[in-house]
Structure formats: C-alpha cells, structure tokens
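Q: next input, structure requested:
(chains A and B)
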Amino acid sequence: MEELTKTYDKIYRYCFYKVRNSAAAEDITQETFLKYFAQNPKIKRGEDMAYLYTITKNLCVDYFRKKQTEELHENYPAEEFSEMSDTKIAVRTAMEKLDERHREIILLRYIGGLSVSETAETVGISRFAEYRLEKAALNEMKKYLEGALWYEI
Amino acid sequence: MRFNLKKELREAFTPPEPNGRDGFLAAIPYPKLTYREFVLSQICYIRKRIWFVSLLILLAGVGAVYIVPDSSMVLVWIISALIPLLAVLTAAEISRSDIFGMFEIEAVCRFALPQVIGARMIILGICNFAVIAAATAVLGIFSPLGIAKSALYILTPYVSVNGISLAIFGRVNGQDGVYLSVAAAFAVSLAGVILFGKELYDERMTNVLMMAVCVAGTVLMTVQIKKLLVGKDNYYGIKD
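A: Prediction:
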C-alpha cells in the first residue's frame, strides 16, 4: 500500500504540473489508476511506471480537449505565492522557457521521479536519446538560472 | 551559494496535498494477486472435459501397451488418433469468448481478456506438454519408432489440429466453429491412420511429410495465438 501511495503522489504531482488544478489533477490520477487496474491483474511493482504515465498523459490531453473553451485557473496554495522564494520562481520560469520535449523529460525525470529507461519508454525514445536530451535540458535551465540567480553548480 | 537544481526542481513544483488519496486507495479494487496466483486462479475456470480427455489419453496410452501386441504400430495409431481431440478441446477452451460471443462482456471484467487467455494458455500448455511427453515416452519405449519419431508423430497432429482449430474459431463463431474444428480433427486423425496403416509412402517420405506438416502446423498455431492475443490487445487500446 505504501508503494501505491508513493506512485499515487508521483502521478498526482505530474498531473498537477500539467493541469495546474488540484481537483482536476486528483481526478485524472484516480482515473489513471482505475484504467490501469482495469487492464492489469496486479501492479507490477516499479515496472509499469511508463505505462501509468502514458495513461496519465493521454488523460491530460483529453482533459484539455474537454476544457478547451473554459478558462483554466492555477490553484497553487495562496500562501505559497506570497512565500515563494526567488529560487522557486526562477526554477518555474526556467522550466516554462524550455521547449516542450525538454520540459516533458525534466518533468518525468525530476518531478515525476521516473528512471532514465522509464522516461525513455514513456516519451518513446531510446535511453541514449533520453540521456542526451536530459543533459541538454538541464544545461539550458542552468544557463537561464545563472542569469536569474546568483549561484554556482 | 550552492545550488542543487534537481532538488530545487522537486521543491518548486510541490503540489497541494491530495485530499482524496487515502480514501481512494482504501476503496480501489486493488488486485493484490501475484501473477502466479492469478494464473493458478484460472485453473478452476477451465472446463472439466479438458482434464478428462487428458486423463483418457494417458490411460489409453498405458492401456494400449497391455492390449496391443508388443512393438506394434497400432499403438502409434491409437495415440496419434486421440491427440487431435486434445488439440481441438484446447483450442476451443482458449477461444471460448469468440465461440460464445462473450467478448464485449469479458471486456468489462476485472481482468483483461488477453491476460485471461494468456494465463489459460500457460495452464493448458503445461497440461498438454505433460500428456504429450508421457505419450512420447510410452511410444518411445513400447513402439519401434524411438523417442524422436514418436515425438514427431504425436506433435504433428497436435500442432496442426490446434492451428487449424484456432484459425476456424477466429473466423466462425458459435457451434458451427466447433463442428468444423471437430471435423478437422477427425480428418487429421483419419489421415494419420491411413498414412500409418496403408503405408502409402516409404518411411523416409512419411517422416519428411510429417516434418513439413509439423512445421506448417507450428507456424499456423503461432500466428493464430499471436492474433488471438495481439488482436484483443489492440481492441483494448493497450498497444496504442
């Protein structure tokens, strides 16, 4: 159960980044689990993350299709905005500046917590390509952050 | 200032606590089965006739040893003629949802149909393998053929009837498919008896012919099994 909770949190985190709404993110997360268990007799511990993320990604696309005409509201906790450090703001901005593919890889790897091979499988590329793109994305972010913040790596 | 980008990334995108997580995870029909348990659970859904025929073939093989004269080819005919019955029953068991048109209903069940079929294939495969191995051993010991030829003479009717039956069940629904498959099994049994009995060909020709049929049957069976599993997977959208 503990493992399932961890997986739930990862998927929820990924969904939240995608849809920026906690209720919608939670709905999508739960639907992902229901869809997954409808097709699988058991959860293969740690093995099926790529499959789960693929379901989630498709459900997020469906969500945006349905909500195309409605305005979407971010609902990060209010206090978080006021207390948000410069670093957090800079990291979020840097993330937004990445191109879509790089952003997806960073999202899956560091926010979703997938391994290199799981990320590669989810995105549909080879491990080598994933490694290369991930490195490029991190460098791109660092480059931006070096300008926005005062830090060393 | 020391900066850990990976850590900062995780912290920058921390979402609000999910409200319904614990309730959802407690209520979800989370299947706590291991794959082994799942496969074993499918044994009780396999129809009894399969076990009965398997036992019958084993008993017939053993009984024939005592009834027919030593080293007689009659033993080969008897066992080879019974094997297609096992093959057609196995194919019918695997294709049950196609035969009875239950595909839509099974699609909403707890376990995905391709997995149920896969699990039953494993069980039936093990059972059939045991029967074939035992029959091969009986023939190998008590007939003049030897183990290798015995295996060929038993596998050929099995794989060919299984392949043909699966192909029929994939195309013809309902009882018609069953009748056609039984007819195919009967035809194969008869062909075997004629081939062994009348000695239409010399032994070498017979062996070459059997080998060719065995290979063709194996290819046909593999293609049909793949269709059965992958075809349903695509229906479920698993591969998309």
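
Q: mind listing the helices for the chain?
A: As the question left the chain open, I've gone with chain A. A:2-19, A:22-39, A:49-66, A:78-83, A:86-97, A:100-106, A:116-123, A:127-148 (DSSP state H).

Q: chain B, not that one
A: B:5-12, B:21-27, B:35-41, B:48-67, B:74-94, B:96-99, B:103-107, B:113-142, B:147-171, B:174-198, B:203-236.

Q: for the ones you listed, which one sits closest to A:Leu114?
A: helix B:5-12 (12.8 Å; CB to CB). Yep, even glycine has a C-beta here, placed from its N, CA and C like the rest.

Q: and the nearest residue to B:Asn128 once chain neighbours are set aside, how far from B:Thr156?
A: Distance criterion CB to CB, 6 or more residues apart in numbering or on different chains; nearest residue to B:Asn128, sequence neighbours excluded, is B:Thr90 at 6.0 Å. Remark: distance between B:Thr90 and B:Thr156 (CB to CB, to the nearest Å) = 16 Å.

Q: thinking B:Pro15 is in contact with A:Tyr12, fair?
A: Yes. Assessed by CB atoms under 8 Å, B:Pro15 is found in contact with A:Tyr12 at 6.6 Å.

Q: what touches both of those two?
A: A:Ala25 (CB atoms under 8 Å, 6 or more residues apart in numbering or on different chains).

Q: and A:Ile111, how many neighbours?
A: 20 (other CB atoms under 10 Å in any protein chain shown).

Q: could you find the closest non-adjacent residue to it?
A: Nearest to A:Ile111 is B:Phe13, by CB to CB, 6+ apart, at 4.9 Å.

Q: pLDDT value on that neighbour, please?
A: The confidence metric pLDDT takes the value 79 at B:Phe13.

Q: same thing with the one 10 residues further on?
A: Reading off the confidence values, B:Gly23 has pLDDT 84.

Q: how far away is it from chain A?
A: Separation of B:Gly23 from chain A (CB to the nearest CB, to the nearest Å) stands at 10 Å.

Q: and that residue, how many neighbours does it have?
A: 10.

Q: need the helices of chain B in a markdown table with distance to A:Phe16, can you?
A: Output for those, formatted as a markdown table (distance: least, CB to CB, whole Å):
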| stretch | distance to A:Phe16 |
| --- | --- |
| helix B:5-12 | 12 |
| helix B:21-27 | 12 |
| helix B:35-41 | 32 |
| helix B:48-67 | 51 |
| helix B:74-94 | 44 |
| helix B:96-99 | 40 |
| helix B:103-107 | 32 |
| helix B:113-142 | 31 |
| helix B:147-171 | 45 |
| helix B:174-198 | 50 |
| helix B:203-236 | 28 |
